[in-house]
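Engineer: Got a predicted structure plus its sequence, pasted below:
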Amino acid sequence: MGSGEWGVGSGEWGVGKPHEQLDAWKIAMQLVKAVYQMTSDFPAEERYGLAQQMRRAAVSIPSNLAEGAGRNGAKEYLYFIGIARGSLAELETQLQLAVMLDFIKPDHTAFDLTDRTGKLLTGLHKKWSTQ
């Protein structure tokens, strides 16, 4: 499989592990950072509520890509890509809630990062479902 088929791109990560070469993983890592920064500004009473839920969902995305890449075979990898997609959907709902509750603006950078991550995960899912 060539590097273009994996969705490889250049960036600050890429120290040799397969998942670290994935654009989906790289963008998801940026998303985690954005979510942590965003939720640090949430009201104190949300520290153990929505903020923690959002952080867990965000962390789950690149973590599942890494775990799937470390497993054996396309079927297992596809399973973990699916979990990452589910976590992304959860996070997207939580971002909408954060807007509704006036914790963030609807143009927050996290929305762009979720869109980009979603497109990359969909591409990975399509690629691995034909393996």
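Structural biologist: Yes, it's here.
Engineer: When you work out contacts or count neighbours from here on, use the C-alpha atoms and nothing else.
Structural biologist: Will do.
Engineer: Just confirm residue 128 contacts residue 79, I think it does.
Structural biologist: No: using Cα atoms under 8 Å as the test, residue 128 is too far from residue 79 to be in contact (9.8 Å).
Engineer: ok, now how distant is residue 130 from residue 113?
Structural biologist: 26 Å (Cα to Cα, to the nearest Å).
Engineer: Neighbour count for the two, which is higher?
Structural biologist: Ranked by neighbour count (other Cα atoms under 10 Å), residue 130 and residue 113 place residue 113 first, with 18 against 9.
Engineer: buried sites along the helix or strand the more buried one falls within?
Structural biologist: Element membership of residue 113, judged by DSSP states H and E, is helix 109-129. Neighbour-count burial for helix 109-129, counted by 16 or more other Cα atoms under 10 Å, picks out 110-111, 113-114, 116-118, 120-125, 128.
Engineer: For this protein, which residues score under the pLDDT cut-off?
Structural biologist: Applying pLDDT under 70 to the chain picks out residues 1-16.
Engineer: Kindly recompute the last result at 80.
Structural biologist: Along the chain, the model assigns pLDDT under 80 to residues 1-18, 72, 131.
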